[in-house]
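>>> Starting from these lines, generate the structure:
(one chain, ligands or ions: 2)
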Amino acid sequence: MKRIGILGGTFNPPHIGHLIIANEVQVKLNFDEIWFMPNQEPPHKETLNGVSGHHRSEMVQRAIASNPKFKLQSIELERPGRSYTYDTMMLLTKKYNYRFYFIIGADMIEYLPNWYKIDELVKVVTFVGVNRPEYNKESDYPITYVDVPNVEISSLMIRDRLKEGKSIFYLVPESVREYIEENRLYET
Ligand SMILES: Nc1ncnc2c1ncn2[C@@H]1O[C@H](COP(=O)(O)OP(=O)(O)OP(=O)(O)O)[C@@H](O)[C@H]1O
Ligand SMILES: O=C(O)c1ccc[n+]([C@@H]2O[C@H](COP(=O)([O-])O)[C@@H](O)[C@H]2O)c1
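Ligands and ions are numbered 1, 2, ... in the order given. Alright, predicted model coming up:
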């Protein structure tokens with residue numbers, strides 16, 4: 001049976017932290033593929049800074065293009081409203097006979113008790129937790145831990161830099177940096 005790691009995210013924008021953790025998990029757990037899955041509306045964030053799902057998914061596509069193990073999964077963009085992972089995983093497990101693993105950074109591990117239907121969700125997917133600077137990765141939920149290089153980069157840091165007119169070279173793949181520039185994203 002294929003083993004698929006899913007990296008769900010808002011990807012506003014995608015950055016090298018996302019790519020590094022996904023690659024590290026893929027290699028260490030020997031997953032067949034990693035699916036990058038942009039959400040429509042994140043369950044726990046109030047604003048998307050006016051950047052559409054279309055733009056976020058275009059940026060993800062560019063970011064992952066060079067790795068044949070990385071795929072875009074657009075299922076959450078086809079459903080309006082907040083993207084609850086439980087609802088998505090119900091659809092994906094019905095559609096595919098694969099074993100699914102859901103990758104989360106330590107900030108999301110801390111937030112896990114607040115997830116929609118979390119007690120049912122842990123029966124459907126195995127959570128794979130990775131370290132993230134400043135966050136605690138311990139949890140009462142069953143989590144498989146993978147050590148990754150600490151990357152102190154967030155989408156918020158990139159949005160803030162762009163707002164201030166600062167360079168984001170090397171924090172995102174060059175193709176993503178060009179897309180942001182061409183479409184004048186995050187300028188205000
Ligand atoms: N630098 C990082 N180290 C470890 N995990 C990360 C890192 N950046 C993102 N993640 C994880 O990737 C997933 C998607 O993250 P998301 O798209 O929200 O990026 P973000 O940088 O956390 O965004 P924002 O700054 O807007 O909150 C989450 O599970 C998050 O914990
Ligand atoms: O289902 C939930 O209640 C839930 C709560 C918080 C986050 N998530 C999902 O966790 C992933 C990481 O979230 P984010 O917003 O930090 O990118 C993304 O796929 C979210 O949709 C899901």
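>>> For ligand 1, what is the nearest residue in this protein?
residue 105 (2.3 Å; C-beta to the nearest ligand atom). Heads up, the C-betas are built off the backbone N, CA and C, glycines and all.
>>> so that residue touches residue 130, yeah?
Yes - shown here, residue 105 and residue 130 form a contact pair, counting by C-beta atoms under 8 Å, at 5.7 Å.
>>> how much space between the residue of the chain closest to ligand 1 and residue 26?
Counting by C-beta to C-beta, to the nearest Å, the separation of residue 105 from residue 26 is 15 Å.
>>> and if you look at residue 109?
19 Å.
>>> rewinding a little: need the overlap of contacts for residue 105 and residue 130.
Common neighbours of residue 105 and residue 130, using C-beta atoms under 8 Å, 6 or more residues apart in numbering, are residue 21.
>>> Looking at these two now, which is surrounded by more residues?
residue 130 (27 against 22; other C-beta atoms under 10 Å).
>>> What residues does this protein have near ligand 1?
Counting by C-beta under 6 Å from any ligand atom, the residues of the chain close to ligand 1 are 9-12, 17-18, 21, 104-105, 107-108, 130, 132, 151, 153-156.
>>> Which ones among those map onto helices?
17, 18, 21, 107, 108, 155, 156 (DSSP state H).
>>> how much space is there between the last one and ligand 2?
Here the distance between residue 156 and ligand 2 works out to 10 Å (C-beta to the nearest ligand atom, to the nearest Å).
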